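Student: Got a predicted structure plus its sequence, pasted below:
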Amino acid sequence: MTKRLRAVYENGVLRPLEPLPYKEHQQLSVTVSDAAAAADDLVDAEFLRDCESRADDSVSIETVRAALAKIPGSQAEEIRRERDDRL
């Protein structure tokens with residue numbers, strides 16, 4: 001079982017901020033990172049680098065807006081339609 005949890009380090013001991021489902025004296029494997037590093041784990045850096053490598057800076061925001069304006073309907077209408085279909 002893998003469980004991600006928050007803990008506080010105090011007096012030389014990691015203290016979980018929530019109860020854990022493990023037996024007393026059960027040995028566990030622990031990986032530790034500080035809260036700032038944990039937020040970085042949510043970012044897929046490889047994907048972002050790939051996106052940056054494909055970016056075309058010669059395309060202006062006005063060009064993108066003009067292309068998007070040609071798409072019929074609206075995204076909001078589509079979301080409402082999909083939501084209504086599920087009900």
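Tutor: Happy to help now that I have it.

Student: and the residue nearest to V8 when sequence neighbours are not counted, how many neighbours?
Tutor: Nearest non-adjacent residue to V8, counting by C-beta to C-beta, 6 or more residues apart in numbering: R15, 5.1 Å away. No exception for glycine: its C-beta is placed from N, CA and C like everyone else's. R15: 9 surrounding residues under other C-beta atoms under 10 Å.

Student: Check E77 and give its pLDDT.
Tutor: On the pLDDT scale, E77 is placed at 86.

Student: Can you name the residues that contact the residue nearest to the spatial centre of the chain?
Tutor: By C-alpha atoms, centre = their mean, the mean C-alpha position of the chain lies nearest to L42, the distance being 4.4 Å. By C-beta atoms under 8 Å, 6 or more residues apart in numbering, the contact set of L42 is empty.

Student: Could you do K3 as well?
Tutor: Residues near K3 by C-beta under 8 Å, 6+ apart: L20, P21.

Student: if we can go back for a sec, the residue nearest to V8 is in contact with A7, isn't it?
Tutor: Yes - contact criterion C-beta atoms under 8 Å: R15 and A7 qualify, at 5.9 Å.

Student: Confirm that L14 sits in a strand.
Tutor: Yes - checked against DSSP: H, G, I helix; E, B strand; the rest coil, L14 lies within a strand.

Student: Touching the longest helix belonging to the chain from outside, list them.
Tutor: Identified as the longest helix of the chain according to DSSP state H is helix 75-86. The contact list for helix 75-86, computed with C-beta under 8 Å, 6+ apart, is empty.

Student: where's that helix relative to the chain centroid, distance-wise?
Tutor: 24 Å (C-alpha atoms, centre = their mean, to the nearest Å).

Student: Kindly report the same for stretch 6-26.
Tutor: From the chain centre to the centre of stretch 6-26 is a distance of 25 Å (C-alpha atoms, centre = their mean).
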